[in-house]
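# the following comprises the amino acid sequence and a computationally predicted model.
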Amino acid sequence: MTTIADRSSTDLADLHARARVAYEAFKARGLKLDMTRGKPSPEQLDLAAGMLGLAGNGDYVTQAGEDARNYGGQQGIAEVRALFTHLLDAPADQIVVGDNSSLAMMHDSIAWALLTGVPGSAKPWSKESDIAFLCPVPGYDRHFALCEAYGIRMIPVPMTGQGPDMDVVEAAVADPAVRGMWCVPKYSNPSGETYSDETVRRLAAMKAAAPDFRLFWDNAYAVHHLTPERVTVANILTLCAEAGNPDRAFVFASTSKITLAGAGLAFFAGSPDNVRWYLARASKRTIGPDKLNQLRHVRFLRDGAGLDAHMDAHRALLAPKFAAVEEALSRHLAGTGAARWTKPEGGYFITVEARDGTATEVVRLAKEAGLALTPAGATSPYGRDPRDSVLRLAPSYPSLKDVTAAAEGIAVCILLASVEAERRTRERNAA
């Protein structure tokens, strides 16, 4: 197919007319579709419906004979920590089990670092003249929102397909103000890429980083595969210890997209010193987590094989939705030069890189046609995409029928925005 940029004026006008007709036809369907957030669908939540009867009447005693109804057990019950060791790549005694939100544990870690510092800090971060975080782009808007809420300066770092550009990272950490870096190492939000072993090794071994520099290692999609292959990531805690930086990584995960999003478990893992630091501060915040919910999870998932089987059931629901988006994008856009997009092997998102200057227009066109997309710019710090090109698509929540319809509309909006941008460029150049 001839690209949009290489078409004659006549061919471009013809393509514009066809794209406009297709868009108006989609708009006339009067659909109301939402592709803004990566939420589990009702069908995925139904996979964990059996948990609602657990732990049942009288089932409140842990393997150690503790009464899960009562206070205490701040680190989490032992069998739950053991169950999720391979989710966090950490030994059970270096895992803390929280309530349902890993984002809450990230928030607390930042707040406590600002108030008291972390192991290796000379003083609380809030007493420094400047604090900055490295932010891989495209990245997770909720990470960026945490930094913005607390006045932490954000430094964008481009992604490469193998994780963040390590040459940029290694140069940036020489700035003593840089105290942290957001990382989604497997099936990154939203690019879907997985950090290479070399990237993880370099992150663990950086010499120029501040003594209290922390990798906020958000392993949100550790078991969220879209293919039969179970992709692995190098163990950040082991590599940090081997490099002489044992305290460098704060590791987070949750079962929010595994069991019940509103009633899952969250996890913090780190070096022994980091775990002691976390628990010392958490003890002032709570007398203990919801241990009955912890028992429900271990009764339901049982072991690593049970977790894998459960995630295979998730994959059976999710993979067709991702395939539907890929089919529509390929059919409408392949060869046009209007966009390129990821084909993730896991996670919850597809990232589309549209023509520069068109992402905002694509979102506007989609909204007028009844299709809600994540705001353009959401994948960049401060909500500003300097190229106005990145779109984050979240096909998990709608039904397969609705995803298929939405994918058609998205592809048509991208094509129409690109053709109209090319026409405007030619008009400017001719003036």
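That came in fine, so what should we check first?

# which residue ranges form the strands in the stretch 251-400 of the chain?
266-269, 339-341, 350-354, 371-373, 390-393 (DSSP state E, counting those that start in this stretch).

# now these as TSV including distance to residue 130 and mean pLDDT?
Backbone N, C-alpha and C define where each C-beta goes, glycine included. TSV is the format used below for these (distance: least, Cβ to Cβ, whole Å; pLDDT from 0 to 100):
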stretch	distance to residue 130	mean pLDDT
strand 266-269	26	98
strand 339-341	37	98
strand 350-354	31	98
strand 371-373	35	97
strand 390-393	28	98
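
# would you turn those into a markdown table with mean neighbour count?
A markdown table is the format used below for those (neighbours: other Cβ atoms under 10 Å):
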| stretch | mean neighbour count |
| --- | --- |
| strand 266-269 | 25 |
| strand 339-341 | 19 |
| strand 350-354 | 23 |
| strand 371-373 | 22 |
| strand 390-393 | 26 |
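
# which one, of the ones you listed, ends up nearest to residue 191?
Residue 191 lies closest to strand 350-354 among these, at 5.0 Å (Cβ to Cβ).

# note down every partner strand of the closest one and its orientation.
strand 339-341 (antiparallel), strand 390-393 (antiparallel) (DSSP bridges).

# and the residue lying closest to residue 148 once chain neighbours are set aside, how far from residue 147?
Among residues not flanking residue 148 along the chain, residue 382 sits closest, at 6.6 Å (Cβ to Cβ, 6 or more residues apart in numbering). For residue 382, the distance to residue 147 equals 9 Å [Cβ to Cβ, to the nearest Å].

# quick one: which of these two has more around it?
residue 147 (20 against 13; other Cβ atoms under 10 Å).

# just the strands in the stretch 51-200 of the chain please.
Secondary structure of the stretch 51-200 of the chain by DSSP E, counting those that start in this stretch: the strands cover 95-97, 132-137, 153-158, 178-183.

# what residue ranges in the protein score low on pLDDT?
Low-confidence segments of the chain (pLDDT under 70): none present.

# what residue is smack in the middle of it?
Nearest to the mean C-alpha position of the chain, by Cα atoms, centre = their mean, lies residue 189 at 3.2 Å.

# which residues does that residue contact?
Applying Cβ atoms under 8 Å, 6 or more residues apart in numbering, one finds that residue 189 lies in contact with 38, 139-140, 220-221, 347-349.

# dump those to a markdown table, plus distance to residue 377 and neighbour count.
Formatted as a markdown table, the contacts of residue 189 follow (distance: Cβ to Cβ, whole Å; neighbours: other Cβ atoms under 10 Å):
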| residue | distance to residue 377 | neighbour count |
| --- | --- | --- |
| 38 | 17 | 22 |
| 139 | 12 | 26 |
| 140 | 13 | 23 |
| 220 | 21 | 22 |
| 221 | 23 | 25 |
| 347 | 20 | 27 |
| 348 | 19 | 26 |
| 349 | 15 | 27 |
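
# which of these sits closest to residue 55?
Minimum distance to residue 55 across those is 26.1 Å, recorded for residue 220 (Cβ to Cβ).

# quickly find the element holding the closest one.
Under the criterion of DSSP states H and E, residue 220 resides outside all helices and strands.

# what's around the residue nearest to it when sequence neighbours are not counted, how many residues?
Of all residues not flanking residue 220 in the chain, residue 184 sits nearest, at 6.1 Å (Cβ to Cβ, 6+ apart). By other Cβ under 10 Å, the residues close to residue 184 number 26.

# I'd say residue 184 and residue 215 touch.
No. Applying Cβ atoms under 8 Å as the test, residue 184 and residue 215 come out as separate, 11.1 Å apart.

# same list, the contacts of residue 189, but as a markdown table with distance to residue 2 please.
Formatted as a markdown table, these follow (distance: Cβ to Cβ, whole Å):
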| residue | distance to residue 2 |
| --- | --- |
| 38 | 35 |
| 139 | 35 |
| 140 | 37 |
| 220 | 41 |
| 221 | 38 |
| 347 | 33 |
| 348 | 34 |
| 349 | 30 |
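
# residue 296: which of those residues is nearest?
So of these, ranked by how close each gets to residue 296 (Cβ to Cβ), first place is residue 220, at 20.9 Å.

# show me where the stretch 201-350 of the chain has helices.
236-242, 272-285, 291-301, 304-333 (DSSP state H, counting those that start in this stretch).

# just put those in TSV and tack on distance to residue 175 and mean neighbour count.
Shown next, in TSV, are the helices of the stretch 201-350 of the chain (distance: least, Cβ to Cβ, whole Å; neighbours: other Cβ atoms under 10 Å):
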stretch	distance to residue 175	mean neighbour count
helix 236-242	20	19
helix 272-285	23	15
helix 291-301	41	22
helix 304-333	38	17
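
# so residue 130 touches residue 155, yeah?
No. Using Cβ under 8 Å, residue 130 is not in contact with residue 155, being 11.3 Å away.

# out of those two, which sits in the busier spot?
Set side by side, residue 130 and residue 155 show more neighbours around residue 155, with 18 against 13, by other Cβ under 10 Å.

# specify the beta-bridge partners of the more buried one.
In beta-bridge terms (that is, DSSP bridges), residue 155 pairs with residue 134.

# OK, contacts around it?
With Cβ under 8 Å, 6+ apart, residue 155 has these contacts: 132-135, 172, 178, 381.

# I'd like those residues as JSON lines, with distance to residue 1 and neighbour count appended.
Output for these, formatted as JSON lines (distance: Cβ to Cβ, whole Å; neighbours: other Cβ under 10 Å):
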{"residue": "132", "distance to residue 1": "44", "neighbour count": "20"}
{"residue": "133", "distance to residue 1": "42", "neighbour count": "24"}
{"residue": "134", "distance to residue 1": "39", "neighbour count": "25"}
{"residue": "135", "distance to residue 1": "36", "neighbour count": "24"}
{"residue": "172", "distance to residue 1": "40", "neighbour count": "21"}
{"residue": "178", "distance to residue 1": "45", "neighbour count": "21"}
{"residue": "381", "distance to residue 1": "36", "neighbour count": "22"}
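
# and the residues you listed, which is closest to residue 411?
Residue 411 lies nearest to residue 381 out of the contacts of residue 155, by Cβ to Cβ, at 28.2 Å.

# so what's the residue lying closest to the closest one once chain neighbours are set aside up against?
Leaving aside its sequence neighbours, residue 381 sits nearest to residue 154 (Cβ to Cβ, 6+ apart; 3.7 Å). Taking Cβ under 8 Å, 6+ apart as the criterion, residue 154 is in contact with 132-133, 135, 144, 147-148, 381-382.
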